[in-house]
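Engineer: Okay, structure incoming, though there's no sequence with it:
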């Protein structure tokens, strides 16, 4: 796929996949801030944001690019959090943010500086609880990465968010992704790439694994160059999603391998990397609030990639109402089966850690499936039993009831072995 650099000086066009991606980024970032600033005792929150391919800041249609989105949502979140805290009789929070903006294009950087200046001045005047420092870099991302790390280390930032919205696939190495995810106590990455570029890269560097991944779907690696004919097929989305997850699954504890949904075909991927289940939980919920912005093909329960293409048991999941109904049905059997694999009880924290890399489900649907399941009960730390899905907490335990209504404790093969 040929890369098309944006012409920011003359006004870059906002493509549909970028619009969808920006909507998710905007809403997730606002929720990220409100969740991280919810402790009543908190007086200050510090974070750093690195936008590795910042662009010019504003498109020809007037829409904000990612750097302006971060600034706009920072301001909105600080005001919303402090308004809520005032209503609750709590002290106000100060937010300190380092925003590192890098772009290879000097024109893009000069353009974005002009767009940011009035926003930054307005924040200084009207939002005294937000302290925003901006650093600019003008290099290819991999060349700029050491300077980015130095900024973060000098500021002793523990909360770090990277936005890596590259053209193609080759501008961010896998080793750099791994280094980012292992360098900070609380770090998340939004990583965008074109699937055709990843396929071309794997065809050159790992053709055996590529062929093995595509073979179940009837796709030959030699056909990669002509793959565009099938890029609109749902089965192709399933094949690509498996390949994407397998390529990046060791980069972080939680990897969200969903494509940006587009009627013209699944060409662009927006991956969210995180090391905490809570981040993936919030991300899944945001996707459901923005149904049809991202797409998944496969199962909708706890094993989203575990389907057999030859049996055609996969389905398109667009995080919408029908998808959530399908998820609830599968969760009713998936959850007790997972608990049984641990014996008859599992902590909710361990349950979350075990499921959120393999489910697109909304947290409300997971909790509701737990409460509605006749084979499960939720035990509180004090030994009581939860009666409401909204009350489930990370300190609780999920336990299989002694009298099970329908869930088989052993599979038929296992029962034969017991005889």
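Structural biologist: Received, thanks. Since the model is a prediction, treat every value here as computed from it, not as a measurement.

Engineer: Low-confidence regions, this structure specifically.
Structural biologist: Low-confidence segments of the chain (pLDDT under 70): 1-7, 9-10, 168-170, 201, 204, 213-232, 307-314, 403-419.

Engineer: what about residue 350, distance to residue 280?
Structural biologist: Taking CB to CB, to the nearest Å as the measure, residue 350 falls 15 Å from residue 280. From N, CA and C alone the C-beta is placed, and that goes for glycine too.

Engineer: Quick check on those two: which one has the bigger neighbour count.
Structural biologist: residue 280 (26 against 14; other CB atoms under 10 Å).

Engineer: Now the more buried one: phi and psi?
Structural biologist: Backbone torsions of residue 280, given as degrees, to the nearest 10, read phi -70, psi -40.

Engineer: Look up how far residue 255 lies from it.
Structural biologist: Using CB to CB, we find residue 280 at a distance of 9 Å from residue 255.

Engineer: So for those two, which residues contact both of them?
Structural biologist: Common contact partners of residue 280 and residue 255 (CB atoms under 8 Å, 6 or more residues apart in numbering): 272, 357.

Engineer: Now do the contacts for the spatially most central residue of the chain.
Structural biologist: Centroid-nearest residue in the chain, with CA atoms, centre = their mean: residue 272, separated by 2.9 Å. With contacts defined as CB under 8 Å, 6+ apart, residue 272 is in contact with 28, 188, 189, 190, 191, 254, 255, 256, 279, 280, 283.

Engineer: what do you get for residue 160?
Structural biologist: Taking CB under 8 Å, 6+ apart, one finds 47, 48, 49, 50, 152, 180, 183, 184, 186, 187, 188 in contact with residue 160.

Engineer: okay but residue 99 is in contact with residue 49, surely?
Structural biologist: Yes: the criterion here is CB atoms under 8 Å, and residue 99 meets it with residue 49 at 5.0 Å.

Engineer: All the strands of the stretch 1-150 of the chain, residue numbers only.
Structural biologist: Secondary structure of the stretch 1-150 of the chain (DSSP state E, counting those that start in this stretch): strands located at 44-51, 94-102, 130-137.

Engineer: now the ones you listed in a markdown table, with mean neighbour count and distance to residue 157?
Structural biologist: Converted to a markdown table, the strands of the stretch 1-150 of the chain look like this (neighbours: other CB atoms under 10 Å; distance: least, CB to CB, whole Å):
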| stretch | mean neighbour count | distance to residue 157 |
| --- | --- | --- |
| strand 44-51 | 20 | 4 |
| strand 94-102 | 21 | 7 |
| strand 130-137 | 17 | 11 |
